[in-house]
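Asker: Sequence plus predicted model, see below.
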Amino acid sequence: DTGVSQDPRHKITKRGQNVTFRCDPISEHNRLYWYRQTLGQGPEFLTYFQNEAQLEKSRLLSDRFSAERPKGSFSTLEIQRTEQGDSAMYLCATSPSGTTDTQYFGPGTRLTVL
Amino acid sequence: AQKITQTQPGMFVQEKEAVTLDCTYDTSDPSYGLFWYKQPSSGEMIFLIYQGSYDQQNATEGRYSLNFQKARKSANLVISASQLGDSAMYFCAMRDDFGNEKLTFGTGTRLTIIP
């Protein structure tokens, strides 16, 4: 399978715990995006990487959220001190570096905070 | 700021009929891209079709076509000969062609195909 992969697919945690999600992009895709999707809504942009550089963060990304892409390949999204409002689907998308390229999404990680 | 509006929360269509899903957008950027994605119950966003703001012709991909009316700022998705497997959420999205090129999504339309 050469598509975008995400791990885990589902995560249930208790409020206050830390969680980390991983995204593996399509090979040679330089751009990587994280989105969050709550029930009944479309995905909302969280942050963006061009290779290993994190170039933009949404105001939705509070200081409890941190994302990394250390070698310009896979990326991790960590949420510290989780809150019930963090319950959502976290989607990763990647694209090549051209300005008209399509973003391809992974299957997402569904987070439930109890 | 960019905005996508999808006014149809849900639609029911008989199998084998054509269906049009509405999407209007708002942007002040001269260059942008418009996308449609399908999201089955499994959750993955599946890319369907893309239209660039400067493209002269409407995009087509198999049974999917995009009815792009730039002056009206609309980008409706047309699915011909609908199939049971088309039942899913459908999202219209716009890409900012300047800056980070993030996608802005609408709230989606839930399409149900009736046998």
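Answerer: Noted; the coordinates are in hand. Numbers count the residues shown, from 1 in each chain, chains lettered A, B, ... in the order given.
Asker: Quick one, grab the pLDDT at residue A:28.
Answerer: As predicted, residue A:28 sits at a pLDDT of 85.
Asker: Distance of it relative to residue A:2?
Answerer: Here the criterion is Cβ to Cβ, to the nearest Å. By it, residue A:28 lies 10 Å from residue A:2. (Each C-beta comes from the backbone N, C-alpha and C, glycine too.)
Asker: higher neighbour count, the two?
Answerer: residue A:28 (9 against 6; other Cβ atoms under 10 Å in any protein chain shown).
Asker: For chain A, which segments count as strands?
Answerer: A:5-7, A:10-13, A:19-24, A:31-37, A:44-50, A:53-57, A:65-68, A:75-79, A:88-95, A:104-105, A:109-113 (DSSP state E).
Asker: got the angle between the third one and strand A:44-50?
Answerer: If you take axes from the mean of the first three to the mean of the last three Cα atoms, to 10 degrees, strand A:19-24 sits at 60 degrees to strand A:44-50.
Asker: residues near whatever residue of chain B ends up closest to chain A, how many?
Answerer: The nearest approach of chain B to chain A comes at residue B:105, 3.0 Å away (Cβ to the nearest Cβ). Residue B:105 has 21 neighbouring residues, counting by other Cβ under 10 Å.
Asker: what's near enough to touch the residue nearest to it when sequence neighbours are not counted?
Answerer: Across the structure, with Cβ to Cβ, 6 or more residues apart in numbering or on different chains as the measure, the residue nearest residue B:105 apart from its sequence neighbours is residue A:42 (3.0 Å). Counting by Cβ atoms under 8 Å, 6 or more residues apart in numbering or on different chains, residue A:42 makes contact with B:4, B:91, B:93, B:105, B:106, B:107, B:108.
Asker: repeat for residue A:86
Answerer: A:79, A:111, A:113.
Asker: quick check, residue B:85 in a helix?
Answerer: Yes: with DSSP: H, G, I helix; E, B strand; the rest coil as the criterion, residue B:85 is located in a helix.
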